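Peer 1: Next come a sequence and a model predicted from it.
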Amino acid sequence: MIRIAALGAVLSLALAALPTPARSQYYKTETIPPKIVKLGTHTSAVAGTGKVRVQVLVKPDGSHVVTRIISSTNHGDDAAAREIAQTSTYRPAMRGGKPIIYFYDPIFRFNGRSVAGYQGPSGSGSRGTGGGGGSIDAMLRSGRYNDAKSAAQSALATRPNDSQLLQQLAAADYYLHDYEGAADAFSRAGAISHVYLTVAASAFANAAVRLGSEQNPSAADTARSLQYARRAVQLDHGTNSRFALGVAQLANKQYADALATLQVVHAAVFANARTDTATRYGVDQRLLAAYIGANDMSGAQGISTEMRRLEPSNNYPTQELGSIYINQGNDALAAKNYTQALALYQRAVALGDATVSVAAYDRSANVILAEPHPDPVQVKSYADEALALNPNDAAANYFDGVALFYQYQSQHTPNLKQQSLTYLNKADSLAKAAGNQQQLVQAIENAIRQVNAAGGIAP
């Protein structure tokens, strides 16, 4: 019998990049405060110059109730301020694109006997007079974010450390969806004014998620991600900030911390019956990565099952777990622990994903070839399982061709040799067409030469 050591050599087949679906969008948590669409009027007398802060409960449908006077520098103006607040028209607050109930506290300014204007709780509003910061606030209030950004940048040229200007710049960046720019400006502003707390927390959280979600983040980016996430949690202890912290911890490979953080987020998100599927799935994706990073495969399997229930047609969790099991099997094979390698590949098959299963069957056939006395029947069995799922898998065609040639060597049946060449030639064409399987091409062509040399069958 001809020994074909080269033909039976173990292949270091890298697991082809499995198609990964687009990640669920990070769930929106941006809160946009209410806005006065039309300033109201008053019949009550104005006593004189002063500022009156009024609390208004604005409902999702835009209706509202004036609840109280929060503060006043001239109580003689309180009645007029309350009347203006009551007769004004409001746009409701928004969170995640949906209207919500919100306590709004505009400040009405009086100059002498007349109304000078108002200021919103985020420092924006309509003012009868004033420039500088007041003009920037008016731009922010009216949605002229690019103008507000330009004005803030111009003013910062002469006052680079002005906290109010930095916060106005940050707010403009935030509403222009430049979350990293907003987070940087808020960081330079130092202490955050209470009127910007919600925007700042969301800016830090969004910036942390973006930096932590990069495919190949730099060390500087992962460090900034963690820094911003911690600021978000300092300003707001809610689920949004904690999710950002979990993402940043993952990016920094702090898997145990990320697991603890994201388990809390998972509990909060799933306890809320109104949480949509995309949000739940997005949290599960991160939690799956944390379990895998922490080498808790039992937890990873549980979350994977939950993800498949949420989105049955999405193969991301099975392919993610399949990659882990296959890589672990490859390590076992390299250590010549053949039994463990086969068991790990079978775990990958058990996940039920066709792409993962084909890769796992190929590697199982490779394990048998690596053994001191390969069993060609077993090699062919694994290769046939792969071909049943994907007849055009190059590696499976190769292994089938190798198995058939082993059988030919023991049985000397010409038909087996011809079948071997059929599979090997098909494997050669498929591997070359793929363009990224050079090691496999070399193994296939080496096998074809040896098969053709045995018994005189023409190439």
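Peer 2: Structure received.
Peer 1: mind listing what R280 touches?
Peer 2: Going by CB atoms under 8 Å, 6 or more residues apart in numbering, R280 touches 269-270, 310. Heads up, the C-betas are built off the backbone N, CA and C, glycines and all.
Peer 1: If we use 6 Å, what do you get?
Peer 2: Contact criterion CB atoms under 6 Å, 6 or more residues apart in numbering gives 269, 310 as the residues in contact with R280.
Peer 1: where exactly do the helices run in the stretch 101-250 of the chain?
Peer 2: 133-141, 145-156, 163-175, 179-189, 197-212, 219-235, 239-251 (DSSP state H, counting those that start in this stretch).
Peer 1: show me where the stretch 301-450 of the chain has helices.
Peer 2: Under DSSP H, counting those that start in this stretch, the stretch 301-450 of the chain gives helices at 316-334, 338-350, 354-370, 376-389, 394-411, 414-434, 438-453.
Peer 1: what helices or strands is the first one leaning on?
Peer 2: Contacts defined by 3 or more CB pairs under 6 Å, 6 or more residues apart in numbering; DSSP states H and E place helix 316-334 against helix 297-310, helix 338-350, helix 354-370.
Peer 1: Which strands and helices lie in contact with the shortest one?
Peer 2: Here helix 338-350 touches helix 316-334, helix 354-370, going by 3+ CB pairs under 6 Å, 6+ apart.
Peer 1: need the least confident one among the ones you listed, by mean pLDDT.
Peer 2: Mean pLDDT is lowest for helix 316-334 among the helices and strands packed on helix 338-350, at a mean of 87.
Peer 1: That one vs helix 338-350, what angle?
Peer 2: Regarding helix 316-334 and helix 338-350, their directions subtend 170 degrees when assessed with axes from the mean of the first three to the mean of the last three CA atoms, to 10 degrees.
Peer 1: sorry, back to before: any chance of CSV for the helices of the stretch 301-450 of the chain, columns mean neighbour count and distance to V247?
Peer 2: CSV is the format used below for the helices of the stretch 301-450 of the chain (neighbours: other CB atoms under 10 Å; distance: least, CB to CB, whole Å):
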stretch, mean neighbour count, distance to V247
helix 316-334, 20, 16
helix 338-350, 19, 27
helix 354-370, 24, 26
helix 376-389, 20, 35
helix 394-411, 24, 36
helix 414-434, 18, 34
helix 438-453, 18, 36
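Peer 1: which stretch among these comes nearest F108?
Peer 2: helix 316-334 (52.6 Å; CB to CB).
Peer 1: Residues contacting the closest one, please?
Peer 2: 15, 18, 21, 292, 304, 307, 340-341, 344-345, 347-348, 351, 353, 356, 359-360, 367.
Peer 1: thinking again about what came up before, now the helices and strands packed on helix 316-334 in JSON lines, with distance to I326?
Peer 2: Compiled in JSON lines, the helices and strands packed on helix 316-334 are given as follows (distance: least, CB to CB, whole Å):
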{"stretch": "helix 297-310", "distance to I326": "13"}
{"stretch": "helix 338-350", "distance to I326": "5"}
{"stretch": "helix 354-370", "distance to I326": "6"}
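Peer 1: between these, which gets nearest to V52?
Peer 2: helix 297-310 (49.7 Å).
Peer 1: then that closest one to PDB, C-alphas only?
Peer 2: Taking C-alpha atoms only, helix 297-310 is exported to PDB below (Å, rounded to 0.1, in the frame of the first residue of the first chain):
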ATOM      1  CA  MET A 297     -20.000  29.200  28.200                       C
ATOM      2  CA  SER A 298     -23.100  28.100  30.200                       C
ATOM      3  CA  GLY A 299     -24.200  31.700  30.500                       C
ATOM      4  CA  ALA A 300     -23.400  32.300  26.900                       C
ATOM      5  CA  GLN A 301     -25.500  29.400  25.800                       C
ATOM      6  CA  GLY A 302     -28.500  30.700  27.900                       C
ATOM      7  CA  ILE A 303     -28.300  34.200  26.400                       C
ATOM      8  CA  SER A 304     -27.900  32.700  22.900                       C
ATOM      9  CA  THR A 305     -31.100  30.800  23.400                       C
ATOM     10  CA  GLU A 306     -32.900  34.000  24.500                       C
ATOM     11  CA  MET A 307     -31.600  35.900  21.500                       C
ATOM     12  CA  ARG A 308     -32.900  33.200  19.100                       C
ATOM     13  CA  ARG A 309     -36.300  33.500  20.800                       C
ATOM     14  CA  LEU A 310     -36.200  37.300  20.300                       C
END
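Peer 1: For it, which helices and strands make contact with it?
Peer 2: On a contact count with 3+ CB pairs under 6 Å, 6+ apart, helix 297-310 meets helix 277-293, helix 316-334.
Peer 1: Which one, of those helices, ends up nearest to N74?
Peer 2: helix 277-293 (46.9 Å).
Peer 1: Show the average pLDDT along the closest one.
Peer 2: The average pLDDT for helix 277-293 rounds to 91.
Peer 1: got the angle between that helix and helix 316-334?
Peer 2: 10 degrees.
Peer 1: List the buried residues of helix 277-293.
Peer 2: 279-293 (16 or more other CB atoms under 10 Å).
Peer 1: show me where pLDDT drops low in the stretch 101-250 of the chain?
Peer 2: For the stretch 101-250 of the chain, applying pLDDT under 70 flags the ranges 116-134.
Peer 1: how about a cut-off of 80?
Peer 2: 103, 112-135, 215 (pLDDT under 80).
Peer 1: Check the contact between A396 and A386; I expect there is one.
Peer 2: Yes. If you go by CB atoms under 6 Å, A396 and A386 touch, sitting 3.6 Å apart.
Peer 1: Name the residues contacting each of the two.
Peer 2: Residues within reach of A396 and of A386 at once, by CB under 6 Å, 6+ apart, are D362.
Peer 1: Which one of the helices and strands packed on helix 338-350 lies nearest to Y179?
Peer 2: With CB to CB, the closest approach to Y179 among the helices and strands packed on helix 338-350 belongs to helix 316-334: 25.0 Å.
Peer 1: Return the distance of the closest one from the chain's centre.
Peer 2: Relative to its chain's centre, helix 316-334 lies at 22 Å (CA atoms, centre = their mean, to the nearest Å).
Peer 1: Stretch 139-151 now?
Peer 2: On CA atoms, centre = their mean, the centre of stretch 139-151 falls 30 Å from the chain's centre.
Peer 1: Look at it and report the distance between its end residues.
Peer 2: One end of stretch 139-151 sits 9 Å from the other (CA to CA, to the nearest Å).
Peer 1: and what of stretch 157-165?
Peer 2: End to end - CA to CA - stretch 157-165 spans 10 Å.
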